[in-house]
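*Asks:* need coordinates for the below:
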Amino acid sequence: MRRAAALFLKAILPASTAAKRKTSPDGDLQHKPAAKIAAPANQPATDADRRRRRMPTTRPFTVCAAPASSPAPRPATSRPNRQRNRHEPTECRALHALQGPDAGWRRRAVAASGCQPRSTALVRTCHRPNERRPVDRVFQIFVSSTFADLQEERHLVSNSLAKAGYVPAGMELFPATDQDQFEYIKRIIDRSDYYVVITAGRYGSVAGDGIGFTEKEFDYARSKGIPVLAFLHRNVGSLPIDKSEREETGRTKLKSFNDKLKQGRMIDFWENEHELCTKVVIAVSQAVNLSPGTGWVRGDNAIDPKILQEAEKLRIENAELKQKLANLQGTLVVEFDPLLAGPDTEITLDLTTTISNYPSHGHRTESREEHTTFKNIFLAIYDGLLHEPSQATIAQVIGKAFSPSSVGGMTMTTCSDENSLMIRRQLEALGLIVTASKMSSTGHDYLAWVVTEKGRKYSSLHSALRPIERPD
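*Replies:* Alright, predicted model coming up:
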């Protein structure tokens, strides 16, 4: 069998190649490197020459090379062409036949399996069928202009926007309805993300209030905060008579409307419909990048309305809980102006105690100093302040709160007038008390100290009982 194969190869191979092959006594072939066969100087190498020299023919989709770990191919010999490229990975050989709409991600998968691409430009990147794509939004553009003179331009602009991937909305697309014309237009503007207005030589039809529909649409879009893109004709004088205002009133209104369009925004000018379409598409694209609108999304990418309702309920509940927490914190915390001396500021009281002794009908006085704080003073005299004492008797109220209990006999302790005046001013500044004019039972007016609501809350926070902490 081997000898028959050798005779067959000797018969079909060229003489120059067969002469270099020898047969062993048992019929095996002995391989020697084939001599290089060069093409003539002025004639390119043919496919036959490449096969003789073991050169692979050019293929259009050869984008992968053998992995670095693959064994090196054997030297080129005159073996049949069926064993050529046998060291090439199976994925690379299958890559040549990959074509069609899904070829891109298959090529990327093959390249990731170990083949090193020779040209990254030939390996496309796209989303796999099951990959989560970002939500694409489609923006609606309202195209506004005068009807009769700009009908062709408006039609071309709408087609250009549709080809660019936007949803144009204009008066050509309005259905027959018994609803008021401008009320229906306002509904369409509310659904639009951008407003494009085009003017030329006509002011347009006028509503009952004397304002053109185009200008009313512009005013409504601006009141809703919709981005406005204005395009004015560059040379109105070059327009034909049937596309220009014949009356002076119409020309005056058109000039006033154009001046309004120029205020507060960048505008652009156009002269023919092709220039207008280009500028409108470019301006809309820039507006989408600078101030993206809400847009429309596919139904399968939209949020379920039930989820939105549940989220709204949770938002309202969260707001109510925050309000309750703020009210609760307001009842537990009393804040003071940080620029003022707080309740913990220390003060020295000058107290005078008068001690009377009935058997001897004598008395004696003792003077001393008491170091305390405004907080302790207010909490000590709080019960006395509920009776709204006068400025004249407040010294006794303060002294009674700090009178010594170990002295025998009848005692009466008072503080100095300077102390009582300083305490009143400080407590007023902290908002714990106010002074008000009152009338006594005898019909005389006096200046009383009155506790404020803030003072009541402050006293409750510091006088209420605290829970007892028990060990675990």
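
*Asks:* which residues touch residue 451?
*Replies:* 382, 385, 386, 432, 433, 459 (C-beta atoms under 8 Å, 6 or more residues apart in numbering). In this view, the C-beta of every residue, glycine as well, is placed from N, C-alpha and C.

*Asks:* in helices, which of those residues fall?
*Replies:* Under the assignment DSSP state H, the contacts of residue 451 contribute 382, 385, 459 to helices.

*Asks:* hang on, isn't the second one packed against residue 449?
*Replies:* The reference is to residue 385. Yes. The criterion here is C-beta atoms under 8 Å, and residue 385 meets it with residue 449 at 5.6 Å.

*Asks:* mind checking the SS state of residue 364?
*Replies:* strand (DSSP: H, G, I helix; E, B strand; the rest coil).

*Asks:* picking up where we left off before, among the contacts of residue 451, which one is most surrounded by other residues?
*Replies:* Highest neighbour count within those, by other C-beta atoms under 10 Å: residue 432, with 26 neighbours.

*Asks:* list the residues that contact it.
*Replies:* Residues 378, 451, 452, 454, 455, 458 are the ones in contact with residue 432 under the rule C-beta under 8 Å, 6+ apart.

*Asks:* mind pulling up the pLDDT for it?
*Replies:* Predicted confidence (pLDDT) for residue 432: 92.

*Asks:* likewise for residue 307?
*Replies:* Confidence for residue 307, expressed as pLDDT, is 84.

*Asks:* give me the element it is part of.
*Replies:* helix 305-332 (DSSP states H and E).

*Asks:* just give the strands next to the very next helix or strand once past that helix in its sheet, each with its orientation.
*Replies:* Sequence-wise, the next helix or strand downstream of helix 305-332 (DSSP H and E) is strand 346-357. When pairing is defined by DSSP bridges, strand 346-357 lines up against strand 362-373 (antiparallel), strand 410-415 (antiparallel).

*Asks:* next, work out how far apart residue 159 and residue 153 are.
*Replies:* 11 Å (C-beta to C-beta, to the nearest Å).

*Asks:* out of the strands paired with strand 346-357, the one nearest residue 290 is which?
*Replies:* strand 362-373 (60.0 Å; C-beta to C-beta).

*Asks:* what residues of the closest one count as buried?
*Replies:* The neighbour-count check on strand 362-373 (16 or more other C-beta atoms under 10 Å) flags residue 370 as buried.

*Asks:* average model confidence for it?
*Replies:* What strand 362-373 shows for mean pLDDT is 85.

*Asks:* hmm, residue 273 and residue 152 touching each other?
*Replies:* Yes. With contact defined as C-beta under 8 Å, residue 152 and residue 273 form a contacting pair (6.6 Å).

*Asks:* okay, those two: which has more neighbours?
*Replies:* Between residue 152 and residue 273, residue 273 has the larger neighbour count (other C-beta under 10 Å), namely 16 against 9.

*Asks:* the domain parsing of this structure - what is it?
*Replies:* 1-32, 33-122, 140-290, 305-329, 346-463 (automatic domain parsing).

*Asks:* can you flag the weakest of these by average pLDDT?
*Replies:* Minimum mean pLDDT among these: domain 33-122, a mean of 48.

*Asks:* residues contacting residue 442?
*Replies:* Contacts of residue 442 by C-beta under 8 Å, 6+ apart: none found.

*Asks:* how about the secondary structure of it?
*Replies:* coil.

*Asks:* residue numbering should commence at 18 henceforth.
*Replies:* All set: I'll call the first residue 18, so the last point we hit is now residue 459.

*Asks:* list the residues that contact residue 412.
*Replies:* Counted by C-beta under 8 Å, 6+ apart, residue 412 has contacts 431, 432, 433, 434, 436, 437.

*Asks:* what do you get if the cut-off is 6 Å, keeping everything else the same?
*Replies:* Counting by C-beta atoms under 6 Å, 6 or more residues apart in numbering, residue 412 touches 431, 432, 437.

*Asks:* which one among the contacts of residue 468 gets closest to residue 153?
*Replies:* residue 449 (62.6 Å).

*Asks:* and residue 176 and residue 170? Which one has more around it.
*Replies:* Shown here are residue 176 and residue 170; by other C-beta under 10 Å, residue 170 has more neighbours (22 against 12).

*Asks:* shouldn't that one be in contact with residue 291?
*Replies:* No. The pair residue 170 and residue 291 does not pass the contact test of C-beta atoms under 6 Å, sitting 9.9 Å apart.

*Asks:* returning to what we had before: what subset of the contacts of residue 449 is buried?
*Replies:* 395, 468, 472, 475.

*Asks:* next structured bit after the host helix or strand of the first one?
*Replies:* When secondary structure is defined by DSSP H and E, residue 395 falls within helix 391-402. Using DSSP H and E, the next helix or strand after helix 391-402 towards the C-terminus is helix 411-418.

*Asks:* put the alpha carbons of that following helix into PDB.
*Replies:* C-alpha atoms of helix 411-418 as PDB (Å, rounded to 0.1, in the frame of the first residue of the first chain):
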ATOM      1  CA  ILE A 411     -38.200  88.700  92.500                       C
ATOM      2  CA  ALA A 412     -35.200  89.300  94.800                       C
ATOM      3  CA  GLN A 413     -37.000  87.500  97.600                       C
ATOM      4  CA  VAL A 414     -38.000  84.600  95.200                       C
ATOM      5  CA  ILE A 415     -34.300  84.100  94.200                       C
ATOM      6  CA  GLY A 416     -33.100  84.500  97.800                       C
ATOM      7  CA  LYS A 417     -35.700  82.000  99.100                       C
ATOM      8  CA  ALA A 418     -34.400  79.400  96.600                       C
END
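
*Asks:* give the buried residues for that helix.
*Replies:* 411, 412, 413, 414, 415, 416, 418.

*Asks:* strands of the chain, residue ranges please.
*Replies:* Here the chain has its strands, by DSSP state E, at 39-40, 46-47, 81-82, 133-134, 157-162, 184-186, 211-216, 245-250, 285-287, 363-374, 379-390, 427-432, 450-456, 462-468.

*Asks:* as JSON lines, those strands with distance to residue 355 would be great.
*Replies:* Listed next are these as JSON lines, based on distance: least, C-beta to C-beta, whole Å:
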{"stretch": "strand 39-40", "distance to residue 355": "107"}
{"stretch": "strand 46-47", "distance to residue 355": "102"}
{"stretch": "strand 81-82", "distance to residue 355": "73"}
{"stretch": "strand 133-134", "distance to residue 355": "68"}
{"stretch": "strand 157-162", "distance to residue 355": "53"}
{"stretch": "strand 184-186", "distance to residue 355": "57"}
{"stretch": "strand 211-216", "distance to residue 355": "50"}
{"stretch": "strand 245-250", "distance to residue 355": "48"}
{"stretch": "strand 285-287", "distance to residue 355": "55"}
{"stretch": "strand 363-374", "distance to residue 355": "18"}
{"stretch": "strand 379-390", "distance to residue 355": "17"}
{"stretch": "strand 427-432", "distance to residue 355": "28"}
{"stretch": "strand 450-456", "distance to residue 355": "20"}
{"stretch": "strand 462-468", "distance to residue 355": "23"}
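
*Asks:* thanks a lot, see you next time.
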